[in-house]
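Colleague: Would you be able to build a 3D model of this:
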Amino acid sequence: MGLYTVFLDVALGFGSPALGLVAASAGLQFVFLVVATATLPALGIALLLGRRNAPL
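Modeller: Below you'll find the model as predicted:
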């Protein structure tokens, strides 16, 4: 649980200011594109783990 909290703190501590810089330089619409692009690897990992742990 502590490790999850650390990763959440790091994500919020670095991700939020980074997305603020993206919004300031490229516009708010681009932030949504950046976030969607960042979640695609997580989707792939989730699908892979779901298939691996699926009952036969």
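
Colleague: can you give me the helices for this structure?
Modeller: Counting by DSSP state H, the chain has helices at residues 2-10, 16-26, 28-52.

Colleague: Kindly reformat those as a markdown table and extend each row with mean pLDDT and mean neighbour count.
Modeller: Any C-beta I mention is one placed from the backbone N, CA and C, and that applies to glycine too. Below are those laid out as a markdown table (pLDDT from 0 to 100; neighbours: other CB atoms under 10 Å):
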| stretch | mean pLDDT | mean neighbour count |
| --- | --- | --- |
| helix 2-10 | 88 | 9 |
| helix 16-26 | 95 | 12 |
| helix 28-52 | 92 | 10 |
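
Colleague: Can you give me the neighbour number for Gly15?
Modeller: 13 (other CB atoms under 10 Å).

Colleague: quick one: it from Pro41, how far?
Modeller: Separation of Gly15 from Pro41 (CB to CB, to the nearest Å) stands at 14 Å.

Colleague: Could you do Arg52 as well?
Modeller: 16 Å.

Colleague: same question, Leu28
Modeller: The value you get for Leu28 to Pro41, if CB to CB is used, is 23 Å.

Colleague: Same question for Leu47.
Modeller: Remark: distance between Leu47 and Pro41 (CB to CB) = 11 Å.

Colleague: Let me see the confidence value for Leu56.
Modeller: pLDDT, Leu56: 64.

Colleague: Lovely, talk soon.
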